[in-house]
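Undergrad: Sequence plus predicted model, see below.
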Amino acid sequence: MPNLGGSINVTPSTGVAVGKPYPLGGSLVGIVDRPLVANKPGAVDLTFGRVVSLPKPTGAGTNYALFATVSLYPATIDGQMVTGATGIKVGIVAVQPATTDTTVQVCLIPGASL
């Protein structure tokens with residue numbers, strides 16, 4: 001698959017569903033736009049400023065402030081968005097979630113030191 005602007009080519013060892021965060025290294029996370037098939041080339045989106053819905057935990061303290069930095073933790077495709085110094089920084093909160101929400105709207109800032 002050709003590398004289209006805003007994306008990077010990957011070959012995952014397992015299949016990955018659309019919408020999942022995809023860690024690309026120590027400080028970079030992309031978003032899966034099309035299903036990734038195990039051991040087949042595919043692309044992961046890295047569009048700066050794109051707003052995406054990503055998983056987050058629920059409960060006390062998870063109504064993240066608007067513009068708070070969020071990170072993927074643990075740094076796997078099954079990780080969730082958390083605040084604080086843990087994980088790989090992904091972007092900032094675009095819409096403040098409720099503590100009962102299972103997702104958060106994140107404005108992607110790939111590879112930035114937030």
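TA: Thanks, I have it.
Undergrad: For the protein, which strand extends over the most residues?
TA: strand 88-95 (DSSP state E).
Undergrad: now whichever helix or strand comes after that one and strand 88-95, what's the angle there?
TA: Following strand 88-95 in sequence order, the next helix or strand is strand 103-108 (DSSP states H and E). On the basis of axes from the mean of the first three to the mean of the last three CA atoms, to 10 degrees, strand 103-108 is oriented at 110 degrees to strand 88-95.
Undergrad: can you list contacts of strand 103-108?
TA: Strand 103-108 is touched from outside by 31, 46-56, 64, 70, 81, 90-95, 97, with contacts defined as CB atoms under 8 Å, 6 or more residues apart in numbering. C-beta coordinates here come from the backbone N, C-alpha and C atoms, glycine included.
Undergrad: CA-only coordinates of it, as CSV, when you get a sec.
TA: Once non-C-alpha atoms are left out, strand 103-108 reads as follows in CSV (Å, rounded to 0.1, in the frame of the first residue of the first chain):
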residue,chain,number,x,y,z
THR,A,103,-14.2,7.2,25.2
VAL,A,104,-12.6,10.7,24.9
GLN,A,105,-12.3,13.0,21.9
VAL,A,106,-8.6,13.6,21.3
CYS,A,107,-6.9,16.1,19.0
LEU,A,108,-3.9,14.2,17.7
